[in-house]
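Q: next comes the sequence, and after it the predicted model I'd like to discuss.
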Amino acid sequence: MSELAGKRVLLINDDGIEAPGIRLLESLVREHTDDVWVIAPDEERSGASHSLSITSPVRVRRIDERRYAIKGTPTDCALLAVHELLTDRKPDVLLSGINRGANLAEDLTYSGTAAAAMEGTMLGIRSIAMSQVMALDKQPYWETARRYTMPVLDYILGCEWDYDAFVNVNFPDNPPDEVTGYRVTIQGQRPPGAFLPERRIDGRGVPYYWIVLDYPEGNALPDTDLEAIANGSVSITPLHLDFTAHSFRRHLLMRMREHPLPDPGKASHT
């Protein structure tokens, strides 16, 4: 029996409610539970990160009984789902995606897909972000995500869960039969320069800029999500909400013991 059986599942994405990835995910999840809710942005919100709409109103459009289009960010969608639209019962699981494109390494700092899972975790819901890696000049292998989504979800949801953690899953840019396996990974870090401003000129001769993706090669280190995808494996990365750099904190504490900062009450004033 699937780990989703009998569960209330909330689906969010950042590609928009009509995107093929969230439609695929909905069809897969509905094979295992009928308590599925799609509450997603009304248009693409890629790169929205963990932003909130605090300077403009958030509008809600009901599409049908369990599908709502939100004029807002993926984070707004999670908040509205829990606090306004599903008040009778909180979701058991939040699934974000399936994103069209990678969410690896530093992508997570920009990703609205990951942000929805982060917000779900903050709301006390087991949350998983999922992405189908693709070459920028090609179409994604949606059949790869179709084949491997449910085995991965059952594996993850069958585990004991840390209350302050979520999981980031990436399916490789390979046809289904060429996937080499599954890897539990750590977040990688690409060399600098993945996002670059490209200068252009509009029809009136006025310059403007377009932020373009230009992923540099390198840093696919052992056990990272980058290495797993480079080797054709499904990458499963558990992540904490705690951003603390614990090793660096130890260095700071050691330096403070060896070179104490001035006592605020005795600091000289000029």
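A: Nice, thanks for sending it over.
Q: separation between Arg200 and Tyr208?
A: Per CB to CB, to the nearest Å, Arg200 is found 6 Å from Tyr208. Where you see a C-beta, it was placed from the backbone N, CA and C, and this is true even at glycine.
Q: now do Ile128
A: Counting by CB to CB - Ile128 and Tyr208 are separated by 37 Å.
Q: these two: which is more packed in?
A: More crowded of Ile128 and Tyr208, by other CB atoms under 10 Å: Ile128, with 22 against 10.
Q: now do the same contact list for the residue nearest to the more buried one when sequence neighbours are not counted.
A: Leaving aside its sequence neighbours, Ile128 sits nearest to Val167 (CB to CB, 6 or more residues apart in numbering; 4.7 Å). Residues near Val167 by CB atoms under 8 Å, 6 or more residues apart in numbering: Ala117, Ser127, Ile128, Ala129, Ile156, Ile236, Thr237, Pro238, Leu239.
Q: check which helix or strand covers the most centrally placed residue in the chain.
A: In the chain, the residue lying closest to the centroid (CA atoms, centre = their mean) is Ala114, at 1.6 Å. According to DSSP states H and E, Ala114 maps onto helix 112-122.
Q: any idea how far that helix is from the chain center?
A: Helix 112-122 sits 6 Å away from the centroid of its parent chain (CA atoms, centre = their mean, to the nearest Å).
Q: show me what secondary structure element comes after it.
A: Following helix 112-122 toward the C-terminus (DSSP H and E): strand 126-132.
Q: isn't Arg126 right up against Cys159?
A: No - with contacts counted by CB atoms under 8 Å, Arg126 stays clear of Cys159, the gap being 9.8 Å.
Q: tell me which of these two has more neighbours.
A: Comparing Arg126 with Cys159 by other CB under 10 Å, the one with more neighbours is Arg126, at 23 against 11.
Q: quick one: pLDDT of the more buried one?
A: pLDDT, Arg126: 97.
Q: next: the one 5 residues further on.
A: You'll see Ser131 listed with a pLDDT of 97.
Q: alright, calling it a day.
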